[in-house]
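In: Here you go, sequence then predicted model.
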Amino acid sequence: MSQQIEHEFKNLVTATEFKRLQQHYPFAAPFNQTNLYFDTRTQQLQRLGWGLRLRVFITHAEQTLKVPFGKDRRLQEITDQLPLTQARQVQLFAPSQVSVKLATKAITFDQLQLIGFAKTQRQQAQLSSGLLVLDKTVYADGLVDYEIELEVQQTGTSVTAFQALLTKQHIPVRKVVNKVQRAKQHFSPVQREKWTKNLQQMLFD
């Protein structure tokens, strides 16, 4: 179980820019993670500005609730570890830190439903300015996008460092819709048969 505050700077990139970044920075070997996103039928979490995800890796899984904190893109991340077998059944874990925090807004796990999912191939490189992250993400309908992110503990010069990185790599600033919203855009409850097959492949392949 953990709680932490993070600052994140993000930008969408093209496939060509993505490959160039891979070659320019000392990224570690990529790893895969499948993210499943939840909200209530009435979108209570979205209205609060909160985000709830279940993240599944090859050997373990975790559930994380993101809550806006202060200014400067800060988020409080509340994370619980949970059994991989349970996560692969698309089940959240309670009692937990996440369930306790949700209870402060009178939200229980049985009110939550799947609103989207995606599988991300992630690479990370530790820079002096922070942790540089490259993501290649496949969504429920098969669409793929690419993103660069800089994670830092303090803002300050990190904003300038991220802007300088984009300039150096000739990458224009692009408005980023967060992954939850992107996953929702590519998820249709009506096409359950199709996305169920894709989800099973993401969870077990």
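Out: Yep, that arrived.
In: got the contact list for the most centrally placed residue in the chain?
Out: Centroid-nearest residue in the chain, with C-alpha atoms, centre = their mean: Lys179, separated by 5.7 Å. Applying C-beta atoms under 8 Å, 6 or more residues apart in numbering, we find Lys179 in contact with Asn35, Tyr37, Ala118, Thr137. Any C-beta I mention is one placed from the backbone N, CA and C, and that applies to glycine too.
In: Pick out whichever of the residues you listed sits closest to Gln46.
Out: Among the contacts of Lys179, Tyr37 lies closest to Gln46 (C-beta to C-beta), at 10.2 Å.
In: So the closest one versus Asp80, what's the distance?
Out: 16 Å (C-beta to C-beta, to the nearest Å).
In: Name the SS class of Lys19, please.
Out: helix (DSSP: H, G, I helix; E, B strand; the rest coil).
In: count of residues packed around it?
Out: If you count neighbours by other C-beta atoms under 10 Å, Lys19 ends up with 13.
In: now it: how far from Tyr25?
Out: Lys19 is 12 Å from Tyr25, by C-beta to C-beta.
In: With Ala87 instead?
Out: 31 Å.
In: Who has more neighbours out of the two?
Out: Using other C-beta under 10 Å as the criterion, Ala87 and Tyr25 rank with Ala87 on top: 23 against 17.
In: For the more buried one, which non-adjacent residue is closest in space?
Out: Counting by C-beta to C-beta, 6 or more residues apart in numbering, Ala61 is the residue found nearest to Ala87 once chain neighbours are left out, at 3.4 Å.
In: distance of the one you found from Arg53?
Out: 11 Å.
In: ok, how many other residues are close to the nearest residue in space to Gln191 that is not next to it in sequence?
Out: Closest residue to Gln191 apart from its sequence neighbours, by C-beta to C-beta, 6+ apart: Asp141 at 7.9 Å. Asp141 sits with 13 neighbouring residues when counted by other C-beta under 10 Å.
In: And the pLDDT at Asp141?
Out: For Asp141, the pLDDT comes out at 91.
In: That one contacts Ala183, doesn't it?
Out: No - using C-beta atoms under 8 Å, Asp141 is not in contact with Ala183, being 10.1 Å away.
In: Find residues that contact each of these two.
Out: By C-beta under 8 Å, 6+ apart, no residue touches both Asp141 and Ala183.
In: what are the pairing partners of the strand of greatest length in the chain, and which direction each?
Out: Across the chain, the strand with the greatest residue count (assigned by DSSP state E) is strand 112-127. Next to strand 112-127 in the sheet, as set by DSSP bridges, lie strand 31-40 (antiparallel), strand 130-139 (antiparallel).
In: Any idea which of the ones you listed gets closest to Asp110?
Out: Of all these, strand 31-40 comes closest under C-beta to C-beta, at 10.0 Å.
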